[in-house]
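Q: 3D model of this:
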Amino acid sequence: MISFSFIHNENKYTEELIKLLNSQWPRSEYSRKASIEKSNDNFPLYLIMKLKNDDEQTNSETEEIIGCLTISTVLNNDKDSNVSLLLENVLIKSKYRGKGYGKIIMVEGHKIMKEKGFKISYLSTNDQKEFYKTFGYIECDPISTSNFSSSSGVGNNNNNDHSNKEANEETIDDSEKVSNLLRIFGGNSKLKKANTNLVWMKLNLE
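A: Here you go, the predicted structure:
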């Protein structure tokens, strides 16, 4: 059975969430934990998706995190600034990809946005435009890196990429491949090159 919760309401899952995120985007545990601890009801929000499994050995149920995403506020985006949110870090645990869980967590994320009264969702991607189009996203002008309050604590470009073809239906949002520090101080040229195809997309939630 699938269930959802915010990490700040169930911080017992923090370590498990850190492992899940670092399995896709390696980062220091300290830095990752600091970002996760920013989760709160007023944004950014870390949403976790849990799955209950039957443990035949102990004849009991176990629960594990199989997916997550974050939602952050968009700042100073002209007339849309008070109604817009940014979708980041959508990730499905590798062994559960290809089973439709990516679509499930995307739908839940959009539901939360609507319930909180927001009308527009933004995200960015290098090569998964077609996946996001299935939800109604369309290409739009880029949002300045200083114009949103991201889950990592700084404005950065949010790359929503899939790790392989099998994950085509399971959206994986790589918001941390190219951070502000990388752009300012330099870094891996391959990461910089990969970001040149970044496409911003927008969804009207109404």
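Q: Where do the helices of this protein begin and end?
A: Assigned helices in the chain, in chain order: 14-24, 29-36, 101-115, 129-133, 180-185, 189-194 (criterion: DSSP state H).
Q: Confidence-wise, which of these is weakest overall?
A: Mean pLDDT values for those show the minimum at helix 180-185, a mean of 33.
Q: elements contacting the longest strand along the chain?
A: Assignment by DSSP state E gives strand 60-74 as the longest strand of the chain. On a contact count with 3 or more C-beta pairs under 8 Å, 6 or more residues apart in numbering; DSSP states H and E, strand 60-74 meets helix 14-24, strand 45-55, strand 84-92, helix 101-115, strand 148-149. Heads up, the C-betas are built off the backbone N, CA and C, glycines and all.
Q: Which one, of these, ends up nearest to E63?
A: With C-beta to C-beta, the closest approach to E63 among the helices and strands packed on strand 60-74 belongs to strand 45-55: 5.1 Å.
Q: so where is this protein shaky, pLDDT-wise?
A: For the chain, residues meeting the criterion pLDDT under 70 lie at 76-81, 145-196.
Q: Of all residues in it, which one is nearest the centre?
A: The chain has N89 as the residue nearest its centroid, 2.1 Å off, counting by C-alpha atoms, centre = their mean.
Q: hang on, it packs against T70?
A: Yes - using C-beta atoms under 8 Å, N89 is in contact with T70, at 4.5 Å.
Q: Distance check, the nearest residue to S60 once chain neighbours are set aside against G136.
A: Counting by C-beta to C-beta, 6 or more residues apart in numbering, S60 lies nearest to D54, which is 7.8 Å off, once chain neighbours are set aside. Per C-beta to C-beta, to the nearest Å, D54 is found 37 Å from G136.
Q: Which of those two has more residues huddled nearby?
A: Applying other C-beta atoms under 10 Å to D54 and G136 shows that G136 carries more neighbours, namely 13 against 9.
Q: does that one really touch N204, like I thought?
A: Yes - shown here, G136 and N204 form a contact pair, counting by C-beta under 8 Å, at 7.2 Å.
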